[in-house]
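**Q** Coordinates only, no sequence provided:
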């Protein structure tokens, strides 16, 4: 509606805004002026309306844009009302208003109505462009903390377990069949393999963590942002682990973990309390 009114306003600017014709004269030979012959009328009614429509359209396409602390939609609505106000009093002042001025007034009415009613009517308030989806995680495409990713290399897909708990299916990629896992329907083989695994499983230390020699890499997520320090013992962090992103623990040093970020950087995570393992 706003765009259509702007097009009509632009066309009306080329039509005669006065239809004055003295008696006894062939009116077909009279060249009545249009808005382009009157700079004040052109700028205050026709071009002002076109500019107002452009501001309204831009504000709907890119919500939140401002000029001099004013929203583009509000600025366009104010300019459209100004164009309507000027056209109304101009047509009252001219005794022989032409088609250009009459059509311009009608277009200014439609333009002002659309610009003012835009924020109030849901149909007119809808943005022209669909906004981009919210970012997931700290890095693009990462699942939020605690959510299960649908696909993707290197992301766990099973229910998460607290750090230090004995996993039911090993580390690696939870949720999928593990190497050496027997097929369903063979209970005898499954029982024999389970007994062999129990016999080979190392006993955890009193602190609840597995010995460093039997450490297996696993994926984990942190509940809050935590610094990652360099392996050389530097006191300055080299990265920050953020909630919502999976990191790979590649080694254990006492109560600390050697973690690898998505971009391949490795460092020491000193605070491992409350982390969730995939």
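**A** Perfect, I can see it now. If you're wondering where the values come from, they're calculated on a predicted model, not measured in any experiment.
**Q** For this structure, which helix or strand comes out least confident on mean pLDDT?
**A** Within the chain, no helix or strand scores below strand 161-162, which has a mean of 50 by mean pLDDT, DSSP states H and E.
**Q** Show me the strands in the stretch 151-278 of the chain, by range?
**A** Assigned strands in the stretch 151-278 of the chain, in chain order: 161-162, 218-221, 226-229, 237-241, 247-253, 256-260, 266-269, 276-277 (criterion: DSSP state E, counting those that start in this stretch).
**Q** now for the ones you listed, which one comes closest to residue 6?
**A** Closest approach to residue 6 among the strands of the stretch 151-278 of the chain (Cβ to Cβ): strand 237-241, 49.8 Å. Just so you know, the C-beta spots here come from the backbone N, C-alpha and C atoms, and that holds for glycine as well.
**Q** List the pairing partners of the closest one within its sheet, with orientation.
**A** Counting by DSSP bridges, the strands paired with strand 237-241 are strand 226-229 (antiparallel).
**Q** Pull out the buried positions in the strand it pairs with.
**A** The neighbour-count check on strand 226-229 (16 or more other Cβ atoms under 10 Å) flags 226, 228-229 as buried.
**Q** and if you look at stretch 94-105?
**A** 97-98, 100-105.
**Q** buried set for stretch 233-244?
**A** Quick answer for stretch 233-244 (16+ other Cβ under 10 Å): 238-239, 241-244.
**Q** Where does the closest residue to residue 102 other than its chain neighbours fall, secondary structure wise?
**A** Nearest residue to residue 102, sequence neighbours excluded (Cβ to Cβ, 6 or more residues apart in numbering): residue 91, at 7.0 Å. Using DSSP states H and E, residue 91 maps to helix 72-93.
**Q** what's the next secondary structure element after that helix?
**A** The element immediately downstream of helix 72-93 (helix or strand, assigned by DSSP H and E) is helix 99-117.
**Q** Show me what that next one packs onto, helices and strands only.
**A** If contacts are counted by 3 or more Cβ pairs under 8 Å, 6 or more residues apart in numbering; DSSP states H and E, helix 99-117 sits against helix 2-12, helix 48-61, helix 72-93.
**Q** Pick the most buried one from the ones you listed.
**A** Highest mean neighbour count of those: helix 48-61, a mean of 22 (counted as mean count of other Cβ atoms under 10 Å).
**Q** following that helix, which helix or strand shows up next?
**A** strand 66-67.
**Q** quick revisit: quick check: the farthest pair among the buried residues of stretch 94-105?
**A** Pairwise distances across the buried residues of stretch 94-105 peak at 11.2 Å for 98 and 105 (criterion: Cβ to Cβ).
**Q** coming back round to it: for the strands of the stretch 151-278 of the chain, which one sits closest to residue 73?
**A** Using Cβ to Cβ, the strands of the stretch 151-278 of the chain put strand 237-241 closest to residue 73, at 38.7 Å.
**Q** what does the closest one contact?
**A** Applying Cβ atoms under 8 Å, 6 or more residues apart in numbering, the contact partners of strand 237-241 are 222, 225-230, 247, 259, 261, 265, 267, 269.
**Q** Many thanks, have a good one.
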